[in-house]
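Novice: Here is my input, please return the structure:
(one chain, ligands or ions: 2)
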Amino acid sequence: MSEMRQDPTTKEWVIIAAERSRRPDEFRQQSKRERKSYSVTCPFCLGNEHFTPLETFAIRDSGSPNTPGWRIRVVPNKFAALSPQVIPRRSDDGLLFRGMEGFGYHEVIIETPHHDRDLPLMSEDEILNILETYRHRYKLLREDERVKLIVIFRNYGERAGTSLLHPHSQLVAVPVIPFHTRQKYEEATRHYDDTGRCLYCDLRNAEREYGKRVVLETGHWLVFHPFASQAPFETWIVPKRHASCFASMTNAELPELASVLRRILHGLHTLLNDPDFNMIIHTAPVEDENTPYFVWHIEIYPRLTTPAGFELGSGIFINVAAPEETAHLLREIVAAS
Ligand SMILES: [Zn+2]
Ligand SMILES: [Zn+2]
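Specialist: Residues are numbered from 1 along each chain as shown. Ligands and ions are numbered 1, 2, ... in the order given. Presented below is the predicted three-dimensional model:
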């Protein structure tokens, strides 16, 4: 039997159509990636720094900018979707067609010099450096008053949108607050008006109390598979302290997040055999960094199924696994790690 569930943060519906016969090993990925520690044509490999635009930030042990000696490098995306060199002016033709120059920042965070050292296999210290780099870039780019929203994300594997294997994440800063974000904000505002409480704190507390979808809890973090998950193994990492801006993380919370992220990604890697995945940091728009009704969080989507015509036509996702069951599987793996 399937069940329809409504996401309390968006009011969107999903169909949980867990196939009873589906065993956990059926979610395991078949294909093995080709692994090598260096690629002569890879623009992100050590010694190939001249293939990228000039770096905007690096964590280095030695060397001068744009030479080897780095642990993490940040560079503008060579094929950037947006450019900081233009002014984001709206144009309106008096009809329906509003446009704007493509202003924004589009950066690549090269997470390691090693071509095959992927995030789920990194040490806590390496992941901590990456999170610190995200925070550093966020804090710098938010100072540009044209920037309204900063999205930090990671695509891994072709089903997640990249064929570039070298470990990297991306940051895009845009001059608008998109409809998708506004809609979530409107729901959160309505909840706040109705109850005087923060929807995301309520959601985190409810998941914690219910317990069956909780994967991991530490002093500062709660990890769960949400009630209305859109896809199998959709995983949320949420701070236990109310905070709407990712960059407001304290120096106590940050290393613990590195540890949590390593354990979760390693667990998914083990359980699903190195799946393609997207990871997104959802943080408030710059002007709402101190809002009382939103909590920043990380969402991870292993790419095990492909949304198709029904999802495009209805916005209703069909999830073939119950989050209660996937949370249980991941919880056991993470507990044993
Ligand atoms: Zn490489
Ligand atoms: Zn809250």
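Novice: Out of all residues in this protein, which is the farthest from the middle?
Specialist: Taking CA atoms, centre = their mean, the residue of the chain most remote from its mean C-alpha position is G94, at 37.6 Å.
Novice: and the closest residue to H282 other than its chain neighbours, what is it in contact with?
Specialist: Leaving aside its chain neighbours, H282 sits nearest to H297 (5.6 Å; criterion: CB to CB, 6 or more residues apart in numbering). Every residue, glycine included, has its C-beta placed from N, CA and C. H297 is in contact with 200, 236-239, 281-282, counting by CB atoms under 8 Å, 6 or more residues apart in numbering.
Novice: same check, this time on T162
Specialist: Contacts of T162 by CB under 8 Å, 6+ apart are 155-156.
Novice: Is it in a helix, a strand, or coil?
Specialist: Following DSSP: H, G, I helix; E, B strand; the rest coil, we place T162 in the coil state.
Novice: returning to that earlier point: out of the contacts of H297, name the ones that lie in strands.
Specialist: Under the assignment DSSP state E, these contribute 236-239, 281-282 to strands.
Novice: can you list the residues of the chain near ligand 2?
Specialist: 198, 201, 242, 295 (CB under 5 Å from the ion).
Novice: List only those of those flagged as buried.
Specialist: For the residues of the chain next to ligand 2, a burial check counting by 16 or more other CB atoms under 10 Å picks out 198, 201, 295.
Novice: Look at E143 and say how many residues are nearby.
Specialist: 8 (other CB atoms under 10 Å).
Novice: Tell me both backbone torsions, phi and psi, for it.
Specialist: E143 adopts backbone torsions of phi -70, psi -20, taken as degrees, to the nearest 10.
Novice: hmm, back to that, look at the residue farthest from the centre of the chain and give its secondary structure.
Specialist: Strictly by three-state DSSP, G94 counts as coil.
Novice: Use 13 as the first number for this chain going forward.
Specialist: Okay, residue one is now 13; in that scheme the one you just asked about reads as G106.
Novice: L153 against H118, yeah?
Specialist: No: in this structure, L153 is not within contact of H118 by CB atoms under 8 Å, at 10.7 Å.
Novice: Now do the shared contacts for the two.
Specialist: 183, 185.
Novice: ok so, going back, export the ones in strands among the contacts of H309 to CSV and tack on distance to H281, pLDDT and neighbour count?
Specialist: Formatted as CSV, the ones in strands among the contacts of H309 follow (distance: CB to CB, whole Å; pLDDT from 0 to 100; neighbours: other CB atoms under 10 Å):
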residue, distance to H281, pLDDT, neighbour count
W248, 18, 98, 21
I249, 16, 98, 20
V250, 21, 98, 22
P251, 23, 98, 23
I293, 19, 98, 21
H294, 22, 97, 21
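Novice: Check those against V188 and report the nearest one.
Specialist: Closest to V188 out of the ones in strands among the contacts of H309 is H294 (16.3 Å), distances taken as CB to CB.
Novice: Against ligand 2, how distant is the closest residue to V52 other than its chain neighbours?
Specialist: Residue nearest to V52 in three dimensions, not counting chain neighbours: N60, with 7.8 Å by CB to CB, 6+ apart. N60 is 44 Å from ligand 2, where distance means CB to the ion, to the nearest Å.
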